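Visitor: Predicted model follows, preceded by the sequence.
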Amino acid sequence: MILASVRVVFMLAAMLPLGAQVNVLTYQYDNSRAGANLNETLLTPANVNQSQFGKLVSFALDGYVYGQPLYVGNVNIAGKGTHNVVLVATEHDSVYAFDADSHAGANAAPLWHVSFINPAAGVTTVPYADTGCDQIVPELGITSTPVADPASGTVYVVAMTKESAGGSATYVHRLHALDISSGAEHQGSPVAIQAVYPGTGEGGSTLVFAPRNYKQRPGLLLLNGVVYAAFSSHCDSGTYHGWLMGYDAKTLAQVSVYNNTPNGNQGSFWEGGAAPAADANSNIYLVAGNGTFDYPSAGGDLGESYIKLASTQGLTLVDYFAPFNFSALDDADLDVGSAGVALCGDEAGSASHPHLMVGAGKEGRIYVLDRDNLGKWQAGADTEIVASLPGVIGGLFGNPAYFNKTVYFGGSGDNLKAFSLVNATLGNSPSSQSSAAFGYPGSVPSISANGVSNGIAWVLESSNILHAYDASNLGHELYNSSQNSSRDALDSYVKYSVPTIANGKAYVGTQDSLAVFGLLAGPTLAVANAASGQAAITAPGSIISIYGSGMAQATLPAAGLPLPTTLGGATVTIGGITAPIFYASPVQINAQVPFQATAGSAAVVVKLGGNVVGSSNVTVQGVAPGLFLGSGGQAAAVNLDGSANTPANPAEVGSVIAVFMTGLGPVDHAVATGAAASANPLSHVTGTVSASIGGQSAQVAFAGLAPGFAGLYQVNVRVPQVGAGNQPLGISVNGVAGNSGLVGVR
């Protein structure tokens, strides 16, 4: 029998149950660009309505917000304590950090604000008239969605400036790496963006990036320690190309450059602001606008194309798809590059097409592509791809969204529409659509959900209105900001912009503000198993997560064991019994259900400073097993040598692994609630514990409380004879199954 070290137990516990707020670190939530936050526990179709939901505050800004706001939890702001932070960038070359939870007192002002202009020294934003294009007005500064990396405490932005000295002006794009806690530049930041690329365009055999000719329109991509920035033209004026450049996230040294029309012209990457997508194999997906397409005849140019690039050794073209009618699209300015792509979950695919992505352009034709074989180009028809469905939506700008075997499109002059995508088959007509149609440029949908439940589709549209629809039936509008205009009206709208839905709030950038929407009638508490996420069911001794708002004065972990019963000013009672607290923040508390809790319904009550701020009811039962999971659904497990079990560090068949759970019920040696379990004697689970790996029964060598921790159970399981690779693990107690996870086996 193995017992994991206290160090390993604390490491896993700190990493898993205490992961508080959902972070939004990049455009449309993650690199799939599917536009779905599947960890929204507070906002549901039942409470997003005009009586319970509305605008809470508007923070003033100094310019247009084209990029999506980002959310980073638990940031230690110098001199101001720990805050959950919303980051927003403007065309006036500013970046702001606001408290995500509160706008009272000192939090009415930005936590920090930095500007990249200095008019007294001749450094300004770029007047739109200087570009000969009125697509972005009145100035160009920071246009794209930034990207954040909480591990290094960095947010990356690209700012464009006009710098006048001695009567002449230069135009510069700079990549900035800012400290999330202060806005200060990291060492080596910023760097001016420059590039050359082999070709036969202007300048002879080498193309030279001319900063004035471009805007950094698509959102930034952070992938494997590299920040990628893509560039578009100003309208379709002059000579330009599609550029993608990669920079080392630590040093900001340029590490890769790609140009899609090295021997031609145009083909820029703008995608309505959508960021390049990336898959689990580090392939990058971009969509090119109007431009030279001659790749089938060895010309080397990929305008009007969907492009797949490998990124593990520089940037290398892997595959592409160009519509059969690319020339007609080019001539009519109906390019596919007006929108990006959404990578779909494998549940939407089939055995022959397991990895799908969806896109559309100005023509209003939906493309479903196999990411393993994009299809290249075929004259006459798009029969080489999974689906090409013409004329079913208005022209698309920005991005589609994908959620639960459904894709969502907000075409220009069209209704918001949902299409089923099941077994790699796209529905020929919408499965549902909004009753209202929206004018140019339509809308970019963003989905919030709790797993596959409580899906809500959110859009902003040109009437300055935020809408929320039941994602399972877009004909059911839950809320819009014009229903109570005196309270909720937005002052303005920025085209192609996307709301950020996270942790019970909707964050909306406008032409001069960041508007924050949320629940109005005080906090609505949601209670779930901290490991499995199972709602409203728990067992004595379990670790639970409580979600709400305004629940604590600060964001704090418990300093040690035994656990405190007050943290950040917050207290919790369950069935009238005070519960010890692992972690407290304004929007999440992790607590232990007292061992004394009796079976049946129990009230969970949170107080702050003695005042009730919210309550909920849970069902207490004998066992409520939950398996802690890491990224990718990996079970929180350690191998025989005490190292973490991962796909790259698998356990040998026949060896014993220790997995970590909560909610396994009574033990033979009682432990006080909130106290650390003992290693001598051990506290064994009194119920019957069974396990399986890869569908095969697995011997349980030990099941009990993990020594040195509170509420955490450890189950030692012997790996049966199963195949190598990631295998599903399941554990049951008294016949009650917990959630499943994956363990690496060799």
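Guide: Right, received. Where do you want to start?
Visitor: For the nearest residue to residue 484 once chain neighbours are set aside, pull up the helix or strand it's in.
Guide: Closest residue to residue 484 apart from its sequence neighbours, by Cβ to Cβ, 6 or more residues apart in numbering: residue 50 at 5.2 Å. No exception for glycine: its C-beta is placed from N, CA and C like everyone else's. For residue 50, there is no enclosing helix or strand under DSSP states H and E.
Visitor: How many residues are close by residue 50?
Guide: 16 (other Cβ atoms under 10 Å).
Visitor: how near is it to residue 432?
Guide: Applying Cβ to Cβ, to the nearest Å, the value for residue 50 to residue 432 is 21 Å.
Visitor: residues touching the residue nearest to residue 484, list them.
Guide: 479, 483, 484, 488 (Cβ atoms under 8 Å, 6 or more residues apart in numbering).
Visitor: what's the closest of the residues you listed to residue 606?
Guide: Distance to residue 606, by Cβ to Cβ, is smallest for residue 479 among those, at 25.8 Å.
Visitor: which residue packs closest to the closest one, ignoring adjacent ones?
Guide: residue 468 (4.4 Å).
Visitor: now the particular helix or strand that has the one you found in it, how far from the centre of its chain.
Guide: Element membership of residue 468 [criterion: DSSP H and E] is strand 465-470. Chain-centre distance of strand 465-470: 20 Å, with Cα atoms, centre = their mean, to the nearest Å.
Visitor: ditto for stretch 607-620
Guide: With Cα atoms, centre = their mean, you get 30 Å for stretch 607-620.
Visitor: likewise stretch 340-349?
Guide: Remark: stretch 340-349 is offset 15 Å from the chain centroid, using Cα atoms, centre = their mean.
Visitor: can you pull the buried residues of it?
Guide: 340, 341, 342, 343, 344, 345, 348, 349 (16 or more other Cβ atoms under 10 Å).
Visitor: list the contacts for the residue lying closest to residue 337 once chain neighbours are set aside?
Guide: Of all residues not flanking residue 337 in the chain, residue 289 sits nearest, at 3.1 Å (Cβ to Cβ, 6+ apart). Contacts were defined as Cβ under 8 Å, 6+ apart; by that measure residue 289 touches 232-233, 242, 266-270, 303-304, 335-338.
Visitor: I'd like the list of these that fall within helices, please.
Guide: Nothing among the contacts of residue 289 maps onto helices, per DSSP state H.
Visitor: From those residues, which land in strands?
Guide: Among the contacts of residue 289, the ones falling in strands (DSSP state E) are 232, 233.
Visitor: CSV for the contacts of residue 289, including distance to residue 252 and neighbour count?
Guide: Shown next, in CSV, are these (distance: Cβ to Cβ, whole Å; neighbours: other Cβ atoms under 10 Å):
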residue, distance to residue 252, neighbour count
232, 22, 28
233, 25, 26
242, 22, 30
266, 29, 25
267, 27, 30
268, 23, 30
269, 21, 28
270, 24, 28
303, 30, 28
304, 32, 28
335, 32, 28
336, 32, 29
337, 27, 30
338, 31, 26
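Visitor: Which of the contacts of residue 289 lies at the shortest distance from residue 595?
Guide: Closest approach to residue 595 among the contacts of residue 289 (Cβ to Cβ): residue 269, at 57.8 Å.
Visitor: got the contact list for that closest one?
Guide: Contacts here follow Cβ under 8 Å, 6+ apart; on that basis residue 269 touches 217-218, 230-232, 242-244, 260, 276, 286-289, 337.
Visitor: Tell me the pLDDT of residue 631.
Guide: Looking at residue 631, its pLDDT is 77.
Visitor: Show the backbone phi and psi for it.
Guide: Main-chain dihedrals, residue 631, degrees, to the nearest 10: phi -60, psi 150.
Visitor: and what of residue 213?
Guide: According to degrees, to the nearest 10, residue 213 has phi -80, psi 0.
Visitor: same deal with the one 5 residues further on?
Guide: Note on residue 218: backbone dihedrals following degrees, to the nearest 10 are phi -70, psi 150.
Visitor: Contacts only, for the closest residue to it other than its chain neighbours.
Guide: Closest residue to residue 218 apart from its sequence neighbours, by Cβ to Cβ, 6+ apart: residue 230 at 4.3 Å. By Cβ under 8 Å, 6+ apart, residue 230 lies in contact with 216, 217, 218, 242, 243, 244, 245, 269, 271, 276, 286.
Visitor: State the pair within the residues you listed that is farthest apart.
Guide: 245 and 271 (15.7 Å).
Visitor: Neighbour count: those two, which is higher?
Guide: Comparing residue 245 with residue 271 by other Cβ under 10 Å, the one with more neighbours is residue 271, at 32 against 26.
Visitor: Return the distance of the more buried one relative to residue 308.
Guide: Taking Cβ to Cβ, one finds residue 271 at 15 Å from residue 308.
Visitor: repeat for residue 408
Guide: 23 Å.
Visitor: okay, the two: which has more neighbours?
Guide: Between residue 408 and residue 308, residue 408 has the larger neighbour count (other Cβ under 10 Å), namely 31 against 23.
Visitor: can you pull up the bridge partners for residue 76?
Guide: When assigned by DSSP bridges, residue 76 has beta-bridge partners residue 82.
Visitor: Give me the pLDDT value at it.
Guide: On the pLDDT scale, residue 76 gets 91.
Visitor: Spatially nearest residue to residue 585, not counting backbone neighbours?
Guide: Residue nearest to residue 585 in three dimensions, not counting chain neighbours: residue 555, with 4.0 Å by Cβ to Cβ, 6+ apart.
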